[in-house]
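Enquirer: Just the structure for this:
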Amino acid sequence: MSESKPRAGLFVTCLVDLFRPVVGFASARLIEASGCEVVVPEQTCCGQPAYNSGDRADTRRLATQVIDAFADCDYVVVPSGSCAGTIRRHYPRLFSPEEEPARHAAAEALSAKTWELVEFLVDARGVDLQGVQFDGMVTYHDSCTGLRELRVKDQPRRLLRQVAGLTLSESEGCEECCGFGGTFCVKYPEISTRMVADKCGKLGASGAGTVLAGDVGCLMNIAGRLTREGYDLRARHVAEVLAGMTDEPAIGEPGEASWGAVRGSQGRGVGCRPRASGRAPGSAGGTGQRSSRGPRGSPRRRQHARRHCERKNVKLRTWRAWRSPEKPADARPKRHRDSRPPRLGDRLGVVPRWRAWHLVA
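Expert: I've put the predicted structure just below:
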């Protein structure tokens, strides 16, 4: 009798789930190619934003749910160095070995089997890529947490050298921070903007046509600045290239599938279509199409505004009822699956993850 495959739990990060689902599908393909069975348990945020902001109580609640969700997995694979670093390096610190020995031991066990994606492919499974093609020159950005906490440096480059047609060009300052840093870019926007501007200048000087990285947060930050400054440089997660799934538009390009993806598209959805505007062509934000709501001040416009307010009030009442602590969980209104855009969990056939504020209410 053949031995069963090891179970690898895919931890789908919040940014992958909401903004770049194709990274989740590419990660699942790579994990399967390594000889593992891919499972996607019901999961939540890893708690990193709360942890970095000093909210230890909510981080502990989220960490507890992650520990329980992946308890029966042989590996936990994360397509993000920052989330993997939170689970591996910081979860054990949340639980005191003297006061909570069982929970601390469970956190240690989860920490020991948690891997960043490319680190897992190279160090844990020894994967050799076969038949992967990507024509073009790329440069690689080392994310801060993946590099400094997990020591992920040579692993992605070793895999990229196995891709046929790909040329790797190292940029100056590839190990320097891009300025994202989660809440850092919100607390210090001027410093963050200067950092990402310097990063984009060095990436552009590398001569590459695509910048790769292992964190969607870094890539979204870099892609936004590249677009604003007019660089002819695309941004992709390294898993997309390694899995041969580069048909999807690059991050930030028109048509990128995220919240507006079509249900059941398996990561190849159509982006949100711009809303029609009644302004003339050539004006700021104008599309040349007449608004279906009618001119300002018209009865049709006022009717549309009333309906919009009614829908908003219904959503607000639903949200307040959901958050109400005096109601038991089974008495709170359920959010209909079709009332929100599709997520990666819907397509993988698992229970959708709720946002962190639902779980810590």
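Enquirer: Could I get the contacting residues of residue 16?
Expert: Residue 16 is in contact with 23-24, 79-80, 216, 344, counting by Cβ atoms under 8 Å, 6 or more residues apart in numbering. (C-beta placed from N, C-alpha, C; glycine too.)
Enquirer: what's the farthest-apart pair in those residues?
Expert: Checking the contacts of residue 16 against each other with Cβ to Cβ, the farthest-apart pair comes out as 80 and 344, at 13.6 Å.
Enquirer: Looking at the two, which has the bigger crowd around it?
Expert: Taking neighbours as other Cβ atoms under 10 Å, residue 80 and residue 344 compare with residue 80 leading, 30 against 26.
Enquirer: In this structure the more buried one contacts residue 116, no?
Expert: Yes - counting by Cβ atoms under 8 Å, residue 80 sits close enough to residue 116 to count as a contact (7.3 Å).
Enquirer: who touches both of those two?
Expert: Contact criterion Cβ under 8 Å, 6+ apart; residues shared by residue 80 and residue 116: residue 214.
Enquirer: From residue 93, how far off is the residue lying closest to residue 209 once chain neighbours are set aside?
Expert: Taking Cβ to Cβ, 6 or more residues apart in numbering, and ignoring the residues beside it in sequence, residue 209 has residue 136 as its nearest neighbour in space, at 5.0 Å. To residue 93, residue 136 is 42 Å away according to Cβ to Cβ, to the nearest Å.
Enquirer: I'd like to know which elements the helix or strand harbouring residue 119 is packed against.
Expert: Mapping residue 119 onto the secondary structure by DSSP states H and E places it in helix 117-119. Using 3 or more Cβ pairs under 8 Å, 6 or more residues apart in numbering; DSSP states H and E as the contact definition, the elements that helix 117-119 packs against are helix 154-160, helix 238-242.
Enquirer: counting contacts, what elements does the helix or strand following it pack onto?
Expert: Note on helix 117-119: by DSSP H and E, the next helix or strand toward the C-terminus is strand 133-140. The criterion is 3+ Cβ pairs under 8 Å, 6+ apart, and the helices and strands that strand 133-140 contacts are helix 154-160, strand 164-168, strand 210-213, helix 238-242.
Enquirer: Show me the one of those that comes nearest residue 9.
Expert: Once the helices and strands packed on strand 133-140 are compared by Cβ to Cβ, helix 238-242 is nearest, at 16.2 Å.
Enquirer: chain center to stretch 173-187, what's the gap?
Expert: For stretch 173-187, the distance from its own C-alpha centre to the chain's C-alpha centre is 16 Å (Cα atoms, centre = their mean, to the nearest Å).
Enquirer: how about that stretch: buried residues?
Expert: Of the residues in stretch 173-187, those buried by neighbour count under the rule 16 or more other Cβ atoms under 10 Å are 174, 177-181, 184-185.
Enquirer: any idea which of those residues is closest to residue 191?
Expert: Nearest to residue 191 out of the buried residues of stretch 173-187 is residue 179 (Cβ to Cβ; 7.1 Å).
Enquirer: And the pLDDT for that closest one?
Expert: According to the per-residue confidence, residue 179 scores 92 in pLDDT.
Enquirer: what does residue 254 give?
Expert: Here the pLDDT value assigned to residue 254 is 83.
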